[in-house]
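Student: here is a sequence together with a model predicted from it:
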Amino acid sequence: MAVFNEDTRVKIPATVQFMRLGYEYQSLKNIELHNETRIVVDRFHSAINRINGKEYSREEIISVIEEIHYIIKNNDLGKAFYQWLINPQDKVKLVDFENIENNDFAVVNELTFGKEGSEDDKSGSFRPDITVLINGIPLAFLEVKKPNNEGGIQAEFNRMLNKRLERPEYKKYFNMLQVVSFSNNMEYETDDDSAIAEDIKAGSFYTTPNGQKTTFSFFREELPRTTGFVLIPRDEKYIGILYRNAMNKIDAFKRGSNGSIVKFITKGDVENIPLLLPDNEELLVPMNNILKQIQHRKQENQELASLRDFLLPLLMNGQVGFKEEV
């Protein structure tokens with residue numbers, strides 16, 4: 001029986017999307033982490049060698065990581081580390097911005113920052129859902145919540161602003177992290193870009209950590225506004241048949257198009273969609289139920305496909321296996 005939870009509905013599909021973009025999946029199994037920075041040492045070592053055109057010894061690499069640790073402990077909101085990233089000058093180059101393909105891109109799930117223990121413990125830790133590693137350095141993380149999880153996004157805002165950013169022992173990590181993002185894979189509640197992101201309960205948000213002055217932004221500032229048509233039935237019982245007739249009209253537009261391009265659709269085209277109703281409108285209720293089941297099955301199939309795409313590479317390289325039942 002399929003299990004649908006936060007992992008299968010959002011975290012695994014988001015991880016798979018990173019992999020489709022070219023990121024490698026970093027397993028926590030046998031990972032070598034620098035304890036104070038959470039840098040993945042072997043990824044860091046090979047990437048630094050490549051982008052600097054030099055073979056560094058392990059001792060030299062550990063020395064560079066220790067210097068990073070020293071710098072991110074500064075009380076400067078990460079400015080010194082940021083300057084090192086974008087303009088290393090006489091330091092070791094950490095990211096190759098001129099030749100992006102030289103860099104190492106990976107994601108890891110549930111990477112622990114801090115000492116072992118819960119986030120509520122005095123000396124605890126936090127574990128973002130997905131951490132982005134650039135050349136082995138954790139430079140971003142993404143927290144994902146399943147759709148329609150009431151209060152989920154608000155809980156993330158509260159945890160970030162009132163817990164993580166207030167903890168002195170977490171400061172060095174946020175001096176190193178360049179981007180933090182939250183999403184529950186839903187549409188925004190409002191189109192008002194002047195709204196305060198922290199007051200919105202659904203959508204996707206990002207920020208650059210800035211201590212107690214941290215604020216969040218929408219992911220849509222630079223998206224062009226588009227004009228569309230919304231069909232709203234006067235009664236919910238008409239949803240199914242309106243949807244079916246609208247899809248038939250869309251198919252008709254496609255058949256009349258040249259190749260894959262539909263030149264334009266007018267308001268009149270939408271207003272004149274024929275709507276054929278049965279004499280017995282009680283039949284509309286089971287039709288709606290069937291439509292909901294179809295949509296639910298489609299969503300389940302998409303989630304199962306994402307789960308398959310996520311697990312198959314891990315199975316092939318031996319990172320996961322099957323437990324034999326006797």
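Tutor: Good, I have the coordinates.

Student: report the secondary structure state of the nearest residue to Leu291 once chain neighbours are set aside.
Tutor: Once flanking residues are discounted, Leu291 sits nearest to Gly240: 4.4 Å by CB to CB, 6 or more residues apart in numbering. All C-beta spots, glycine's among them, are computed from the backbone N, C-alpha and C. What DSSP: H, G, I helix; E, B strand; the rest coil gives for Gly240 is helix.

Student: ok, now Tyr56?
Tutor: Tyr56 ends up coil, using three-state DSSP.

Student: what pLDDT is listed against it?
Tutor: As predicted, Tyr56 sits at a pLDDT of 95.

Student: ok, it touching Ile48?
Tutor: Yes: using CB atoms under 8 Å, Tyr56 is in contact with Ile48, at 6.1 Å.

Student: neighbour-wise, which of these two wins?
Tutor: Ile48 (23 against 17; other CB atoms under 10 Å).

Student: pretty sure that one is touching Leu94, no?
Tutor: Yes: judged on CB under 8 Å, Ile48 makes contact with Leu94 at a distance of 7.4 Å.

Student: show me the strands in the stretch 201-326 of the chain, by range?
Tutor: For the stretch 201-326 of the chain, the strands defined by DSSP state E, counting those that start in this stretch cover 204-207, 217-218.

Student: let me redo that: the stretch 1-150 of the chain
Tutor: 24-25, 105-109, 113-114, 125-126, 130-134, 137-144.

Student: can you tell which of these is closest to Arg308?
Tutor: strand 24-25 (14.2 Å; CB to CB).

Student: what packs against the closest one?
Tutor: Packing partners of strand 24-25 (3 or more CB pairs under 8 Å, 6 or more residues apart in numbering; DSSP states H and E): strand 105-109, helix 284-316.

Student: which strands and helices sit next to the first one?
Tutor: Contacts of strand 105-109 with other secondary structure elements, assessed using 3+ CB pairs under 8 Å, 6+ apart, are made with helix 12-20, strand 24-25, strand 130-134.

Student: and for Glu169, nearest residue in space, chain neighbours not counted?
Tutor: Gly114 (6.2 Å).

Student: gap between the one you found and Tyr70?
Tutor: 18 Å (CB to CB, to the nearest Å).

Student: neighbour count winner among those two?
Tutor: Gly114 (19 against 12).

Student: the more buried one contacts Lys172, doesn't it?
Tutor: No: the criterion here is CB under 8 Å, and Gly114 misses it with Lys172 at 9.8 Å.

Student: got the domain ranges for the chain?
Tutor: 6-218, 236-316 (automatic domain parsing).

Student: winner for burial among these?
Tutor: Among those, domain 6-218 has the highest mean neighbour count (mean count of other CB atoms under 10 Å), at a mean of 16.

Student: and that domain, how far out from the chain's middle?
Tutor: In this view, domain 6-218 has its centroid 12 Å away from the chain centroid, taken as CA atoms, centre = their mean, to the nearest Å.

Student: I'd like the helices and strands packed on strand 105-109 as CSV, with mean pLDDT appended.
Tutor: Formatted as CSV, those follow (pLDDT from 0 to 100):
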stretch, mean pLDDT
helix 12-20, 85
strand 24-25, 92
strand 130-134, 95
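
Student: out of those, which comes closest to Asn74?
Tutor: strand 130-134 (20.5 Å).

Student: which outside residues touch stretch 104-113?
Tutor: 11, 15, 18-19, 22-28, 31, 38, 40, 43, 46-47, 50, 125-136, 138, 141, 170, 173 (CB atoms under 8 Å, 6 or more residues apart in numbering).

Student: distance to Tyr206 for the helices and strands packed on strand 105-109 - can I get that in a markdown table?
Tutor: Below are the helices and strands packed on strand 105-109 laid out as a markdown table (distance: least, CB to CB, whole Å):
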| stretch | distance to Tyr206 |
| --- | --- |
| helix 12-20 | 14 |
| strand 24-25 | 22 |
| strand 130-134 | 12 |
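
Student: cool, thanks, signing off.
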